[in-house]
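In: return atomic coordinates for the entry below.
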Amino acid sequence: MLLLNVKAIVDRDTDINLRRAVPKTKVLKECDDTMTPYAILSHRWQDEVGYNEMIDLTEMEEAEREDVRRRSGYEKILRSCKQAKEDGLEWLWVDTCCIDKRSSSALSEAINSMYRWYENSTKCYAYLYDIDGPTFPIAENLERYGNHKGWPEWFSRGWTLQELIAPRDVQFFNKEWVSIGNKRELADTLEKITRISRDILISGMNSGVCSVAQIMSWAADRETTLVEDRAYSLLGLFGVHMPMVYGEGKKAFQRLQLEIIRLSNDHSIFAWDPEGRIRRSGSILADDPSYFRDCDGISSVEPNRFVQRLKSDVQHPSVAGRIMPANLITSAVLAVRRNALVRELSTCSIASGGLQISLPVVPYPGSSSRFRATLGCVASPEAPLMTIDLGFDSTRYFRFFGATEQQPTTLPRVKPLFLSYYQDESRRNLTLDDRTVSFYGFTRYGTFPRDIIGNSVKLLLKNDLIVVIYANDKADVRFAVGFGYYLGSPWTHVVYDECSGTRSWRDYAEEAYDAMWNRQPDLVSKMPVHNHKSSDTASFIKHVHLPRSIWAAKVMQGIWNQENRKVTIDVVLCSGCCHGPLAWELSTTDWNGVETPGPMRGVSPPSATYDLYMDGVRMRLLHFPNFQIKLGDYGRCNPTFEHDGNIFEGVTEDPAYDPVEHKISSDTMAGDIVTVLASGDSYSKLDLSHPAGRSLPNNQQLVSLLKTLSPRLVDNCLVTSVVYCATQLGGTYTPLCYLSIPQVWRRDAIDEKRQALFKEIREHFYTLLNWVHFYVFCLHALKCCFFSPDPQHRRATADPQCVGTSTSHAHAHNPARTVRRQQKRRSSISRICLGLSIWKVMLAR
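Out: Numbering: from 1, shown residues only. Down below sits the predicted model:
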């Protein structure tokens, strides 16, 4: 290893400061790390000094030399040399200037040897640039170190992990190079920061490391500048050597795991993500150290102990009570083939694309593609053997995170498996269009577990899920839409929040995510079955009523086996007679035509169509010779187009409504004349002079306008594209147009079964209402006959002089008061009858 000559560095800097002649001295020397006492620096890289700059410092021009000496990296080297000199050491190693990074072989040697170099050092100086005080922090400080989980940045870097564990003596220094403690003195605080036990910190890796997963967990929250360094910084901790291939990305961590498997039969390397936080299906190997975040307590189990634990599980009372032939066979095999099973569980070979290994596995009830495998490791000494779920695709097994409603009923049997470490990254792009949800006051609150950037997200085909939350705070209504893939099959599901006002949207999103994740097989089975040879215009629509409101969520999507699909989310007034989600409904949508303001359903009247290309997109246009068509016209098709108006009538001029221009072409063109033939009739044709195309723009303003018009233009057709041509008089006319029905103008069908049930309830209610009305009428008639005031009382009411003057007599018998009470009763009965009649009329409608 190349080491810095401490005395040469200090003397050279002194000579430069005193402007004395600097003798040419060799500052770097090749030394044997096992025979030479030396100090080593551990630090967070900043403005550093490289290999060539350190060697050629005296040969530089003065301005360039002073620029190097002003860097923080040079100051670290100089102060480290002075500290080493005080400690009686002549040599120092610093990773920034003691490695010639121009040489790939020198870089590879340094990375593969770095753990040993730190381990063999006499002293290690850990420079913490972000500590100003004279003492080491003993408590988390999020205000000062909020970007690094409350501790100095040195503890968040990947390379400093081995630099903390390997050296016997680590001295910590603050920003001013004042000593603030050593590793032994600060062991308890360091254990709290790093989750590394005190024994390992003081005595090294040979004093209590339990498993591969435990070591990986120490690096779970650490970061490196380069992706590959997340793997390379762990080589020494596992005693692994491998070539450096910068540019390979995450494959570096996969290669590291394969090298570990070659050296160790530790099953804990397969136990990543034990809490199911990441839920990545596919490769049996983890993508990076963060997958082991919850694995700090995992311990490996030796093969002998592994077989013994399996045998004890068979004899457990909860298992022994299940007398099944398969369980009896498994119990007998464990007893007879114990030694053979130990050998099988001790071997693992690496093949192309997978691992050959034997593990105890058991299938899930009712499934031939999902299994539970038992691993030779435990989460704690008293815990049972850990298990993972595997999927099977007819040739190989892979790690699987999915719904497991029913637990296995048989005991695991040891069998050879081919575990794939190939990660299928096949994805489908999903584009979300939810511009109309704001019409009724709903907003997109957020997505979980990751963000949707630019209304687009890619989903893994193997197993993936993303949840989008929508809410109307004023009405206290909230719902979630989930989009996912389960073993290559797409699904969509909508759930509503029963208690939206009592928790945050993120808590609700996590709950909805977990609920949907655990129901994936059921949700896939409820998706509509479609013919893969069907047209690209096929789409599916789902209507979900939102309880305690007058609204429903409507989801529309295309066929997801295609490359890219758009999903539209809308909030509509509920059509009634529904509760919860209705069945998926098949519809048509022109997904591949000219871009439109929201999804449209093409209209094909019985008249002939003419094929043209708008900007290269094939369009089947209609010809209406009897009247002039304008962009934005709407009306009915019964079966011909009946013009009723234009969506821009009464709308102020706005550049947002300006049409989009298109270039027109066809299979038959002669100069500026485009000839188009009618479908099915080669004799009917149109010659278009200087044709040009226009279509409605796809922007928020026009989408909102169509949504605003939706209540009164239900099931109307809309002219979304036109072709206009020049006339001999210099004007233009529109011979062709394209008709569509905006999906926001589509009326949701009412469920027939629920409608029939509601009709029956309404008929019974009418019968009861008629009897109540008859009873009230009879009661009113009886009161009029038997309780109406006599003529004398009426005269008394009409003549105020007939009213008695005595107060006591008036209270005892006041004819006027009696009449008023009776009139009030008749008035109340009349109001009740009127109200019941109005209710009856409303129900009839």
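In: got the phi and psi for residue 511?
Out: phi -60, psi -40 (degrees, to the nearest 10).
In: measure it to residue 276 for me?
Out: 15 Å (CB to CB, to the nearest Å). Yep, even glycine has a C-beta here, placed from its N, CA and C like the rest.
In: count residues in the vicinity of residue 715, would you?
Out: Counted with other CB atoms under 10 Å, the neighbours of residue 715 add up to 10.
In: look up the closest residue to residue 569, ignoring the ones flanking it.
Out: Distances taken as CB to CB, 6 or more residues apart in numbering put residue 434 closest to residue 569, at 4.1 Å, once the chain neighbours are dropped.
In: surely the one you found meets residue 470?
Out: Yes. Between residue 434 and residue 470 a contact is recorded at 7.3 Å, counting by CB atoms under 8 Å.
In: between these two, point out the one with more neighbours.
Out: Comparing residue 434 with residue 470 by other CB under 10 Å, the one with more neighbours is residue 470, at 24 against 19.
In: adjacent strands (with direction) for the helix or strand where that one lies?
Out: Using DSSP states H and E, residue 470 sits within strand 463-472. Paired with strand 463-472 in the same sheet, following DSSP bridges, are strand 443-448 (antiparallel), strand 477-486 (antiparallel).
In: nearest to residue 309, of those strands?
Out: Residue 309 lies closest, by CB to CB, to one member of the strands paired with strand 463-472: strand 477-486, at 32.8 Å.
In: return the set of buried residues in the closest one.
Out: Along strand 477-486, these residues count as buried under the neighbour rule (16 or more other CB atoms under 10 Å): 477, 478, 479, 480, 481, 482, 483, 484, 485, 486.
In: let me know the closest of those residues to residue 104.
Out: Nearest to residue 104 among the buried residues of strand 477-486, with distances taken as CB to CB, is residue 485, at 40.7 Å.
In: next up, the contacts around that closest one.
Out: By CB atoms under 8 Å, 6 or more residues apart in numbering, residue 485 lies in contact with 428, 459, 460, 461, 462, 463, 464, 465, 491.
In: repeat that with 10 Å
Out: Taking CB atoms under 10 Å, 6 or more residues apart in numbering, we find residue 485 in contact with 281, 426-428, 430, 459-465, 491, 520, 524, 560.
In: same deal with residue 280?
Out: Contacts of residue 280 (CB under 10 Å, 6+ apart): 272-273, 286-287, 291, 399-401, 423, 460, 462-464.
In: SS state for it?
Out: Under DSSP: H, G, I helix; E, B strand; the rest coil, the three-state class of residue 280 is coil.
In: how near is it to residue 400?
Out: Taken as CB to CB, the span from residue 280 to residue 400 is 10 Å.
In: cool, and residue 84?
Out: Residue 84 is 54 Å from residue 400, by CB to CB.
In: before we move on, the earlier item: counting neighbours, go ahead and name the busier of residue 511 and residue 276.
Out: Comparing residue 511 with residue 276 by other CB under 10 Å, the one with more neighbours is residue 511, at 16 against 11.
In: I'd guessed that one sits against residue 497; true?
Out: Yes. Residue 511 lies in contact with residue 497 (CB atoms under 10 Å); the separation is 8.8 Å.
In: what residues do the two have in common as contacts?
Out: With CB under 10 Å, 6+ apart, residue 511 and residue 497 have common neighbours 480, 503.
In: follow-up on the earlier one: most neighbours of all the contacts of residue 280, which one?
Out: residue 272 (28 neighbours).
In: and the helices in the stretch 101-250 of the chain?
Out: Under the criterion DSSP state H, counting those that start in this stretch, the stretch 101-250 of the chain contains helices at 104-120, 160-165, 187-194, 198-203, 212-218, 229-232, 235-238.
In: most neighbours per residue, which of the ones you listed?
Out: helix 212-218 (a mean of 26; mean count of other CB atoms under 10 Å).
In: show me what that one is packed against.
Out: helix 160-165, helix 198-203, helix 235-238, helix 251-263, strand 299-300, strand 370-378 (3 or more CB pairs under 10 Å, 6 or more residues apart in numbering; DSSP states H and E).
In: can I get it in CSV, CA atoms only?
Out: Taking C-alpha atoms only, helix 212-218 is exported to CSV below (Å, rounded to 0.1, in the frame of the first residue of the first chain):
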residue,chain,number,x,y,z
VAL,A,212,-25.3,-12.2,6.7
ALA,A,213,-28.6,-10.4,7.1
GLN,A,214,-27.4,-8.8,10.3
ILE,A,215,-24.4,-7.3,8.6
MET,A,216,-26.5,-6.1,5.6
SER,A,217,-28.8,-4.4,8.1
TRP,A,218,-26.0,-2.1,9.3
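In: what pLDDT, on average, does that helix get?
Out: Mean pLDDT, helix 212-218: 96.
In: tell me how far that helix lies from the chain's centre.
Out: With CA atoms, centre = their mean, to the nearest Å as the basis, helix 212-218 stands 26 Å off its chain's centre.
In: ok, now stretch 382-394?
Out: Worked out by CA atoms, centre = their mean, stretch 382-394 lies 25 Å from the chain centre.
In: what's the answer for stretch 337-350, then?
Out: 40 Å.
In: possible to save the buried residues of strand 477-486 as JSON lines with distance to residue 541?
Out: As requested, the buried residues of strand 477-486 are arranged in JSON lines below (distance: CB to CB, whole Å):
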{"residue": "477", "distance to residue 541": "21"}
{"residue": "478", "distance to residue 541": "22"}
{"residue": "479", "distance to residue 541": "16"}
{"residue": "480", "distance to residue 541": "18"}
{"residue": "481", "distance to residue 541": "13"}
{"residue": "482", "distance to residue 541": "17"}
{"residue": "483", "distance to residue 541": "15"}
{"residue": "484", "distance to residue 541": "19"}
{"residue": "485", "distance to residue 541": "20"}
{"residue": "486", "distance to residue 541": "21"}
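In: with these in mind, which one is nearest to residue 765?
Out: residue 477 (28.4 Å).
In: what's the closest non-adjacent residue to the closest one?
Out: Residue 477's closest residue in space is residue 549 (CB to CB, 6+ apart), at 4.8 Å.
In: what does residue 355 give?
Out: residue 419 (4.5 Å).
In: how far away is the one you found from residue 277?
Out: 22 Å.
In: partners of whatever helix or strand residue 740 lives in, with directions?
Out: Assigned by DSSP H and E, residue 740 belongs to strand 732-742. If you go by DSSP bridges, strand 732-742 pairs up with strand 600-602 (antiparallel), strand 617-623 (antiparallel), strand 717-726 (antiparallel).
In: from the chain's centroid, how far away is it?
Out: On CA atoms, centre = their mean, the centre of strand 732-742 falls 41 Å from that of its chain.
In: name the residues of that strand that are buried.
Out: For strand 732-742, using 16+ other CB under 10 Å, the buried residues are 734, 735, 736, 737, 738, 739, 740, 741, 742.
In: cool, and stretch 660-679?
Out: Buried residues in stretch 660-679 (16+ other CB under 10 Å): 660, 662, 664, 666, 674, 676, 677, 678.
In: list the contacts of the last one.
Out: By CB under 10 Å, 6+ apart, the contact set of residue 678 is 607, 608, 609, 610, 611, 623, 684, 685, 686.
In: now, among those residues, which is nearest to residue 102?
Out: residue 611 (63.1 Å).
In: may I have the phi/psi pair for the closest one?
Out: phi -90, psi 120.
In: residue 539 bridge partners, please.
Out: residue 558, residue 587.
In: please tell me how far it sits from residue 557.
Out: On the measure of CB to CB, residue 539 and residue 557 end up 6 Å apart.
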